[in-house]
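S.K.: quick one: sequence and predicted model below, then my questions.
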Amino acid sequence: MTTITITVPVVIEADRLWSEVFGGGYEYAPAVCRVKFDHGTTWEKAGVAQVFIENPENDMALVDRRVVIDDIAEAYGKLLAMGYHHCGAPLDLDSFDSCASFDVLQMAVFGELVFA
């Protein structure tokens, strides 16, 4: 069987994607220890965030990663391309919750989902 890959562009307002991720309840994930917004950034306004998250290889250490909107957009795109589902539904900005928020952050920080 021959298969082909089709790439469909997704256009999203940057502040909307940012606010869905940083306002979506990621803080309920115990692995996320802290998020610090820099340079006038807020959870509603895209910019720069320092994300402090547990190191999956050493739970006594933290990974400190600078995240910008391009990282969040790339992570969101990877999850869409994977056919990612959360809570039984496809990833959708209109139904973002703490699971989706945390998984986008994991993808942005680690490039993969490392916490189940």
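M.R.: Thanks, I have the structure now. Numbers count the residues shown, from 1 in each chain.
S.K.: which strands and helices lie in contact with the helix or strand encompassing R65?
M.R.: Per DSSP states H and E, R65 falls inside strand 58-68. On a contact count with 3 or more Cβ pairs under 8 Å, 6 or more residues apart in numbering; DSSP states H and E, strand 58-68 meets strand 48-55, helix 98-110. From N, CA and C alone the C-beta is placed, and that goes for glycine too.
S.K.: which helix or strand lies directly C-terminal to it?
M.R.: According to DSSP H and E, the helix or strand after strand 58-68 is helix 69-82.
S.K.: strand 48-55 and that next one, what's the angle between them?
M.R.: 50 degrees (axes from the mean of the first three to the mean of the last three Cα atoms, to 10 degrees).
S.K.: on that earlier part again, E20 is nearest to which of the helices and strands packed on strand 58-68?
M.R.: Taking Cβ to Cβ, helix 98-110 is the member of those nearest to E20, at 7.1 Å.
S.K.: and the average pLDDT for the closest one is what?
M.R.: On average, the pLDDT along helix 98-110 is 91.
S.K.: mind listing residues that contact that helix?
M.R.: Here helix 98-110 makes contact (Cβ atoms under 8 Å, 6 or more residues apart in numbering) with 20-29, 31-32, 51, 53, 56, 63, 65, 67, 71-72, 74-76, 78-79, 84, 86-87, 91, 112-115.
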